[in-house]
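Asker: Task: produce atomic coordinates for the following.
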Amino acid sequence: MSANRRWWVSPEDEDSVCKKLLRKTRESPLVPIGLGGCLVVAAYRIYWLRARGSTKMSIHLIHTRVAAQACVVGAIMLGTVYTMYSDYVKRMAQDVGEK
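Answerer: Got it, this is the predicted structure:
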């Protein structure tokens, strides 16, 4: 008698978390950069938690959250600017090619 190790199987039309992350990475390569930056900043700030001095814990955690969110927002902004620029350059190249 074999045990069914995977007792729940997702429907075929739904993507797993890994597949969604890979699809988002292909669509926007700055998504993993933003996630990585967020994790690096959060890990750095948590590592230096002991050396916060006289700063209250809540203030230190707020600064950590703001710094991590800044990395994500920065990556989103860079992705948006890149997309707008590439669309503009493609449109200009098509307009020049038509003339």
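Asker: so where is the protein shaky, pLDDT-wise?
Answerer: Residues of the chain meeting the criterion pLDDT under 70: 1-14, 99.
Asker: and H60, what does it touch?
Answerer: Going by CB atoms under 8 Å, 6 or more residues apart in numbering, H60 touches R45, L49, R52. (C-beta placed from N, C-alpha, C; glycine too.)
Asker: Strands of the chain, start to end?
Answerer: With DSSP state E, there are no strands along the chain.
Asker: quick one: the helices in it?
Answerer: For the chain, helices defined by DSSP state H occupy the ranges 17-27, 30-47, 57-98.
Asker: Just want the angle from the longest one to helix 17-27.
Answerer: By that I understand helix 57-98. Calculated by axes from the mean of the first three to the mean of the last three CA atoms, to 10 degrees, helix 57-98 forms an angle of 50 degrees with helix 17-27.
Asker: and helix 57-98, how far out from the chain's middle?
Answerer: Its chain's average C-alpha position is 11 Å from that of helix 57-98, according to CA atoms, centre = their mean, to the nearest Å.
Asker: Domain map for this protein?
Answerer: 11-51, 55-98 (the TED database).
Asker: Same list as before, the contacts of H60 that is, but in TSV and with distance to G36 and neighbour count included.
Answerer: Converted to TSV, those look like this (distance: CB to CB, whole Å; neighbours: other CB atoms under 10 Å):
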residue	distance to G36	neighbour count
R45	15	18
L49	21	11
R52	24	14
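Asker: With respect to Q69, which of those is nearest?
Answerer: Checking the contacts of H60 against Q69 by CB to CB gives R45 as the nearest, at 12.0 Å.
Asker: Now do the contacts for the nearest residue to the closest one once chain neighbours are set aside.
Answerer: Nearest in space to R45, with sequence neighbours left out and distances taken as CB to CB, 6 or more residues apart in numbering, is T64 at 3.8 Å. The contact partners of T64, taken as CB under 8 Å, 6+ apart, are V41, A42, R45, I46.
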